[in-house]
Structures are given as structure tokens and as C-alpha cells.
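Participant: sequence and predicted structure are below.
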Amino acid sequence: MKSAASQTGSSAGPLLRRHLGDRRFLLMLPRAVGLQILHPSIAPALVEHASTRLWEHKKRAVLQMIYLACAGRDTASAIRFAHEHVKGTDDLGRRYHALNPDVFLFQHATYVETLMTAADVFGPPLSEQARVQLYQQCCDWYRGYGISDRNLAPTWPEFTEYFADACTRNLRKSPAATELADQVLRPDAWIVRRLPTAAVRAMQHERAAHLLGVRQRDSDDAALRAVAAMTRAGFATVPRRVRFVSQAGL
């Protein structure tokens with residue numbers, strides 16, 4: 001099913017725009033990407049079809065994602081153009097396509113879960129009401145892609161159930177994941193290259209940490225808390241144009 005938003009485009013709700021455009025969301029992206037490389041369709045697509053190294057590719061893709069979410073343009077045609085050619089065969093001989101609704105939904109879900117986690121880590125934490133509202137705006141964001149929303153969880157509690165189940169059932173460490181793992185855990189480009197390796201380990205989802213063999217230590221959590229504290233202090237004094245990416249239009 002495709003919503004009317006996929007035909008005309010719709011700009012992000014104010015809560016989504018604020019959180020998606022915040023550079024602190026970008027700092028949490030190793031969490032989302034750590035899960036993405038463990039998906040048996042996303043990992044080979046990144047290895048076979050990304051023309052640059054992982055974080056250079058993610059810089060271009062994520063900033064475009066933010067722009068499309070916030071600009072109110074025809075998102076569906078842009079998504080088809082960018083993803084139609086991304087297809088192939090995984091290491092088990094199974095065919096994949098980036099526009100497969102289940103694959104596309106999971107990738108979107110990793111960004112949604114990371115968006116929520118970024119608010120928890122960097123603060124101020126979301127109230128339950130704000131979390132529910134933000135999730136509803138994330139659903140509108142997804143529907144704008146023009147991809148089937150048949151399996152899109154309609155509420156935040158149902159999303160958490162979907163996400164936990166998807167991470168348990170669908171993820172594995174494939175050869176493509178092994179090839180990409182070091183780039184995820186030791187980012188070499190974009191804003192995430194400044195993150196301490198210990199903080200990157202700490203922000204990994206527990207399922208990704210398990211499959212990637214990441215041993216998370218107390219010192220890792222301390223490193224992430226230190227990054228969050230320094231970022232909060234810095235953002236308290238910087239102008240709005242520094243805090244938010246230009247693609248969000250804030």
C-alpha cells in the first residue's frame with residue numbers, strides 16, 4: 001500500500017525535523033550501521049554497489065535522506081532512482097534488492113531506533129508522549145518513500161517488538177559484514193571519525209555487539225558518557241546553523 005504522501009511528498013513533522021537534523025543524531029550512526037551490515041541483503045549491497053568507502057557513502061546517503069524527509073519533495077521517485085539498480089546475490093545464493101519492502105523497512109527502522117537512542121544518550125531524554133509523537137512522524141516519513149507500508153508497526157510499542165524480533169531472526173555475520181565491520185567500529189571519515197573507538201563500541205546495539213564479537217567494557221560506557229557531556233556543553237553555546245545540518249532546513 002502506498003500513501004498519498006508518496007505521490008506529492010510531505011515535509012517532516014517539527015519533532016522529527018529537529019531530531020533528524022541534529023548533528024548528534026549523526027554521531028550515533030555507528031549504531032544504525034552496525035546493525036545494517038549484519039542484514040544479509042544490506043551488507044552485500046554496500047560492498048557491491050557503494051562506489052566509495054562506507055562512511056563516505058553514508059555521508060552522502062544520510063544527508064540526502066534528511067533532505068528528502070524535510071524538504072517536502074517527491075521522495076518516491078528519488079528513492080526509486082537511487083535504489084532500483086541495487087540488486088544482486090548474497091553469499092548463500094539468494095537474490096536481494098534494495099527496494100524489497102522488508103529490507104527497506106529494516107534499514108529505515110535502524111535509523112528510527114538510533115534517533116530515539118541519540119535523544120537518550122545526548123539528552124534531554126524524550127518523555128513517553130514525545131517518543132510516541134516522534135514515532136508517528138517517523139511513520140509519515142517512511143510512507144513518503146512510496147514503499148509498501150504493510151509491515152510498518154503502527155505504534156511505538158509495536159515497533160519495539162518488531163525491531164527486537166527482526167534483530168534476533170534476520171541478522172547474521174556474513175562475509176560482507178566481516179569485510180565492513182572494521183569500518184563500522186573504527187570510522188575513518190565524516191563526523192564519526194572523531195569518535196573514540198571505545199565510544200563506538202559502547203553505542204552498538206546488543207545484537208550487533210554479539211554478532212560482531214565486540215566486548216563492551218565499563219570504560220566504553222564512560223567514553224560514550226564523556227562524548228555526550230562534551231557535546232552537550234559545546235552545543236549549549238553554538239549557533240543554530242552549527243547544531244543542525246543544512247539539509248534539515250532549520
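Facilitator: Alright, I've got the coordinates.
Participant: the strands in the protein, which residues?
Facilitator: Per DSSP state E, the chain carries strands over the ranges 87-89, 95-97.
Participant: can you put those in a markdown table and add mean pLDDT?
Facilitator: Formatted as a markdown table, the strands of the chain follow (pLDDT from 0 to 100):
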| stretch | mean pLDDT |
| --- | --- |
| strand 87-89 | 94 |
| strand 95-97 | 95 |
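Participant: count of neighbours near the nearest residue to T89 once chain neighbours are set aside?
Facilitator: Leaving aside its sequence neighbours, T89 sits nearest to R95 (Cβ to Cβ, 6 or more residues apart in numbering; 5.7 Å). Every C-beta, even on glycine, is put in place using the N, C-alpha and C of the backbone. Look at R95: counted by other Cβ atoms under 10 Å, it has 10 neighbours.
Participant: ok, R95 - contacts?
Facilitator: 87-89 (Cβ atoms under 8 Å, 6 or more residues apart in numbering).
Participant: which helix or strand in the protein has the lowest average pLDDT?
Facilitator: Among the helical and strand segments of the chain, the one scoring lowest on mean pLDDT, DSSP states H and E is helix 5-8, with a mean of 41.
Participant: contacting residues around the most centrally placed residue in the chain?
Facilitator: For the chain, the residue nearest the mean C-alpha position is Y111 (2.5 Å; Cα atoms, centre = their mean). Listed by Cβ under 8 Å, 6+ apart, the contact set of Y111 reads 32, 65.
Participant: where does pLDDT dip in this protein?
Facilitator: 1-11 (pLDDT under 70).
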